[in-house]
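In: Pasted the sequence and its predicted model underneath.
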Amino acid sequence: MTLAAQHTRSSCSTAEWQARVDLAATFRILAHYGMSDLANGAVAARVPDQPDHYLVHPYGMFWEEATASAMIKIGPDGQPVDPDGPWLNDGVQNLCQWIFGSRSETMFFVHGHEEEVMAVSSIEDGIMPLNQPAVYLGNITGYIEYEFEEDDEFGEHFVAKLGQNQILISRNHGYYALGTTAAEAFFRAYFLRQTCSSQIKTLSMGRDLHLIDPQKIARYQDQMAKSEHYNYDGKTEWAGLIRMLDQRDPGYKN
């Protein structure tokens, strides 16, 4: 598809343009790590100086093609500010309304369908306490049954299940990872896939499982939350990821 520029740098506030750049970077980083799903799934951002406006990608755009100027702005009514712009996935519009509308601190979210997460979402146990990222995710993750039809009733159910969780796993489907920054949303998605991949490999060995003790989990979670250097917000690694993108192809900033 042709990714026509929807906005130029001069047509946006400084805050909106930075959100566009961060959003395009997140798409490309996810693609780099094999976490994209052709044109499906979504990453979205809140416009910082217009908190009831959101940025999404044009449907059909592959994640490795993302650019700041191609992102589409959605207004408070859930509709594109430019009605003549590219086609949008209406599911993404719904997600923006539900997630950003109910969580004022959330600035970015990732909705993905990685095979490892789909596999773990399809077993009754879900994420098991088998590894370190599972400990981190344990008290910030919720679950919801997958529904294809996303009507108003489902939207209310979605918001209720999301609650104060930072990750919501959709059974037999995928996940939603939230963040106050692009880095935080990405790293929550990254560690979710990591723990699911590790769990699948562990279970495939067919040996007795050494589950982490629940009392230790509570202690580790408290220590992680208080750590200045180990709180998984992604800010340290994000700078390196941006350097990688700039070296490979800085076109995402356009």
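Out: Here it is on my side, so go on.
In: what's the burial count for Ala225?
Out: For Ala225, the tally of surrounding residues (other CB atoms under 10 Å) stands at 13. (Glycine included, C-beta is placed from N, CA and C.)
In: again, but for the one 10 residues further on
Out: Applying other CB under 10 Å, we find 12 other residues in the vicinity of Lys235.
In: next one: Val117
Out: Val117, neighbours per other CB under 10 Å, totals 25.
In: Run the chain-centre distance for the strand or helix carrying it.
Out: Per DSSP states H and E, Val117 falls inside helix 115-121. Chain-centre distance of helix 115-121: 15 Å, with CA atoms, centre = their mean, to the nearest Å.
In: for that helix, which positions count as buried?
Out: Buried positions in helix 115-121, judged by neighbour count with 16 or more other CB atoms under 10 Å: Glu116, Val117, Met118, Val120, Ser121.
In: wait, is Tyr175 part of a strand?
Out: Yes - when DSSP: H, G, I helix; E, B strand; the rest coil is applied, Tyr175 is found to be in a strand.
In: Going forward, count from 42.
Out: Shifting the count to begin at 42 puts that one at Tyr216.
In: so it makes contact with Ala230?
Out: Yes - the pair Tyr216 and Ala230 passes the contact test of CB atoms under 8 Å, sitting 7.3 Å apart.
In: which residues are common contacts for those two?
Out: Residues touching both Tyr216 and Ala230 comprise Val151, Gly153, with contact defined as CB atoms under 8 Å, 6 or more residues apart in numbering.
In: So which elements touch the one helix or strand in the chain whose mean pLDDT sits lowest?
Out: Across the helices and strands of the chain, mean confidence by mean pLDDT, DSSP states H and E is lowest for helix 255-267: a mean of 90. In terms of contacts (3 or more CB pairs under 8 Å, 6 or more residues apart in numbering; DSSP states H and E), helix 255-267 is packed against helix 173-179.
In: List the buried residues of the helix it packs on.
Out: Pro174, Ala175, Val176, Tyr177, Leu178, Gly179.
In: what does it contact?
Out: 168-170, 208, 229, 232-233, 235-236, 239-240, 253, 258, 261-262, 265, 273.
In: nearest to Asp192, of the buried residues of helix 173-179?
Out: For those, the closest approach to Asp192 (CB to CB) belongs to Leu178, at 29.3 Å.
In: which one is Gly142 nearest to, not counting chain neighbours?
Out: Val200 (7.8 Å; CB to CB, 6 or more residues apart in numbering).
In: name the element that neighbour belongs to?
Out: helix 193-203.
In: Please state the offset of that helix from the chain centre?
Out: Worked out by CA atoms, centre = their mean, helix 193-203 lies 18 Å from the chain centre.
In: Please spell out which residues along the next helix-or-strand element following it are buried.
Out: Using DSSP H and E, the helix or strand that follows helix 193-203 towards the C-terminus is strand 208-211. Burial within strand 208-211, assessed by neighbour count using 16+ other CB under 10 Å, is assigned to Ile208, Leu209, Ile210, Ser211.
In: Mind pulling up the pLDDT for Trp128?
Out: Here, the pLDDT recorded for Trp128 equals 82.
In: List the residues that contact it.
Out: Contacts of Trp128 by CB under 8 Å, 6+ apart are Pro99, Tyr100, Gly101.
In: which of the residues you listed count as buried?
Out: Buried among the contacts of Trp128 (16+ other CB under 10 Å): Pro99, Tyr100.
In: Go ahead and build a PyMOL selection from the buried members of the contacts of helix 173-179.
Out: Applying 16+ other CB under 10 Å to the contacts of helix 173-179, the buried members can be selected in PyMOL as follows:
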select buried, resi 168+169+170+208+229+232+233+235+236+239+240+253+258+261+262+273
